[in-house]
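**Q** Sequence and predicted structure, then a few things I'm wondering about:
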Amino acid sequence: GIDYQLEYYNSTLAMISLIDSKSKWRETPGPLKIIYFTLNGLIYSSKTGIRIANIIEDPSINVTNRIYYQSKSNSITIFGKGFTNTLNFKIALSNINADSYRVNSILEDIIILQLKPGYTWSNTLTDT
């Protein structure tokens, strides 16, 4: 069955969205392609499909028992999968001021957070 809806806004803009929140765009990560669509009674099609998006894996974080010291560990590594290096990536830690660290690196399975000078992981400014 069809598990998405397509809304046309104008001749150059349309939005496709999943109807059911349990549906997935694909079972595995990869390109999302339109094979055909109709507009004003005309059918537009492509044998190989027109790529409209790249579906990525849902991110997840692994639980770890790693020990990091309040002021001696200047970076924290978060392990998981499905991370993407995008400009709008944000991460928040409980009880830690977001101004005290920066995202140093994002790989598909690792995020490295770097503590800024003068801060500790306990959210207090150190004497420097």
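**A** Looks like it came in fine.
**Q** When you work out contacts or count neighbours from here on, use the C-alpha atoms and nothing else.
**A** OK.
**Q** My guess is Ser104 contacts Ile110. True?
**A** I think there's a mix-up here, since residue 104 is Asn and not Ser. No - counting by CA atoms under 8 Å, Asn104 sits too far from Ile110 to count as a contact (10.6 Å).
**Q** Which element is encountered next along the chain beyond the strand ranked longest in the chain?
**A** Determined from DSSP state E, the single longest strand within the chain is strand 42-55. Scanning forward in sequence from strand 42-55 by DSSP states H and E, the next helix or strand is strand 60-61.
**Q** Now the next helix or strand after that next one: buried residues?
**A** Reading on from strand 60-61 to the C-terminus, the next helix or strand found by DSSP H and E is strand 75-81. Buried residues in strand 75-81, counting neighbours by 16 or more other CA atoms under 10 Å, are found at Ser75, Ile76, Ile78, Phe79, Gly80, Lys81.
**Q** Give me the below-cutoff pLDDT ranges for this structure.
**A** 1, 71, 86-87, 123-128 (pLDDT under 70).
**Q** repeat that for 80
**A** Residue ranges of the chain with pLDDT under 80: 1-2, 11, 21-22, 39, 67-72, 84-89, 95, 122-128.
**Q** When Asn104 and Ile110 are compared, which one has more neighbours?
**A** The neighbour count for Asn104 versus Ile110, taken as other CA atoms under 10 Å, is higher for Ile110 (17 against 13).
**Q** Next up, the contacts around the more buried one.
**A** By CA atoms under 8 Å, 6 or more residues apart in numbering, the residues touching Ile110 are Thr77, Ile78, Phe79, Gly80, Lys81, Phe83.
**Q** Return the member of those nearest to Ile55.
**A** Of all those, Ile55 sits closest to Phe83, with 12.5 Å by CA to CA.
**Q** What sits closest to the closest one if chain neighbours are left out?
**A** Glu108 (4.7 Å; CA to CA, 6 or more residues apart in numbering).
**Q** for that neighbour, helix, strand, or coil?
**A** Assigned by DSSP: H, G, I helix; E, B strand; the rest coil, the conformation of Glu108 is coil.
**Q** Cool, thanks, signing off.
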